[in-house]
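**Student:** this one's sequence-less:
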């Protein structure tokens, strides 16, 4: 009986924590414009396969924003804004410093691409450095979570699960109470033949 109670308590706690985490993820995502950040690291979803196999499509990556954007060298992986205002994460294949302006110019290439990117990247367009942390397939879930349908489902489904669990727990408690308070039936008397 104690094991059942312990399991119920653990399940209740886990469901509550999952609910709180999902709500927090949706709120943080919405407040930060769709992409959450944790402990100073930005979390971004990878939408293309240009950096495969190291960074797979649908993964999330941790990026460290800020700092001197002229510090990067050949081999570093950076995230930058393209001319179309799209975030791209590629590896630097050549880094040069313009001594007159003090600005670095990077030639980048996706690991899975055959040739370097056509346009060089100015250090002014670099947004962050890739930290080497990637979690495959989570980006698909994050993209769904920040969509309208995902937000609704992530708010309603855990709430319904908690409600159903509360109803089930109440029903079990009432059944146990009814059993305990049920009148005892008198012992049956059997007649013996004479």
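**Tutor:** Looks like it came in fine. These numbers were taken from a predicted model, which means no experiment stands behind them.
**Student:** least trustworthy helix or strand in the chain by mean pLDDT?
**Tutor:** strand 37-38 (a mean of 66; mean pLDDT, DSSP states H and E).
**Student:** Can you name the next helix or strand after that one?
**Tutor:** strand 41-45 (DSSP states H and E).
**Student:** for that next one, the distance to its chain's centre please.
**Tutor:** In this view, strand 41-45 has its centroid 10 Å away from the chain centroid, taken as C-alpha atoms, centre = their mean, to the nearest Å.
**Student:** now stretch 56-76
**Tutor:** Per C-alpha atoms, centre = their mean, the centroid offset for stretch 56-76 relative to its chain is 19 Å.
**Student:** where are the low-confidence patches of the protein?
**Tutor:** Low-confidence segments of the chain, defined by pLDDT under 70, are located at 1, 18-19, 21-39, 146, 182-194.
**Student:** Which parts of it are helices?
**Tutor:** 2-31, 138-146, 148-181 (DSSP state H).
**Student:** Next, format those as JSON lines and append mean neighbour count.
**Tutor:** Yep, even glycine has a C-beta here, placed from its N, CA and C like the rest. Shown next, in JSON lines, are the helices of the chain (neighbours: other C-beta atoms under 10 Å):
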{"stretch": "helix 2-31", "mean neighbour count": "12"}
{"stretch": "helix 138-146", "mean neighbour count": "18"}
{"stretch": "helix 148-181", "mean neighbour count": "12"}
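**Student:** okay, the ones you listed in CSV with distance to residue 69 next?
**Tutor:** Conversion of the helices of the chain to CSV gives the following (distance: least, C-beta to C-beta, whole Å):
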stretch, distance to residue 69
helix 2-31, 26
helix 138-146, 25
helix 148-181, 33
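**Student:** Which residues are in contact with the residue nearest to residue 137 when sequence neighbours are not counted?
**Tutor:** Closest residue to residue 137 apart from its sequence neighbours, by C-beta to C-beta, 6 or more residues apart in numbering: residue 58 at 5.2 Å. By C-beta atoms under 8 Å, 6 or more residues apart in numbering, the contact list for residue 58 reads 45-46, 136-140.
**Student:** can you count the residues close to residue 106?
**Tutor:** 26 (other C-beta atoms under 10 Å).
**Student:** bridging residues for it?
**Tutor:** Assessed by DSSP bridges, residue 106 has beta-bridge partners residue 95, residue 121.
**Student:** Residue numbering should commence at 587 henceforth.
**Tutor:** Okay, residue one is now 587; in that scheme the one you just asked about reads as residue 692.
**Student:** List the contacts of it.
**Tutor:** Counting by C-beta under 8 Å, 6+ apart, residue 692 has contacts 658, 664, 666, 678, 680-681, 706-709, 712.
**Student:** Buried only: go through those residues for me.
**Tutor:** 658, 664, 666, 678, 681, 707-709, 712 (16 or more other C-beta atoms under 10 Å).
**Student:** This completes my enquiry, with thanks.
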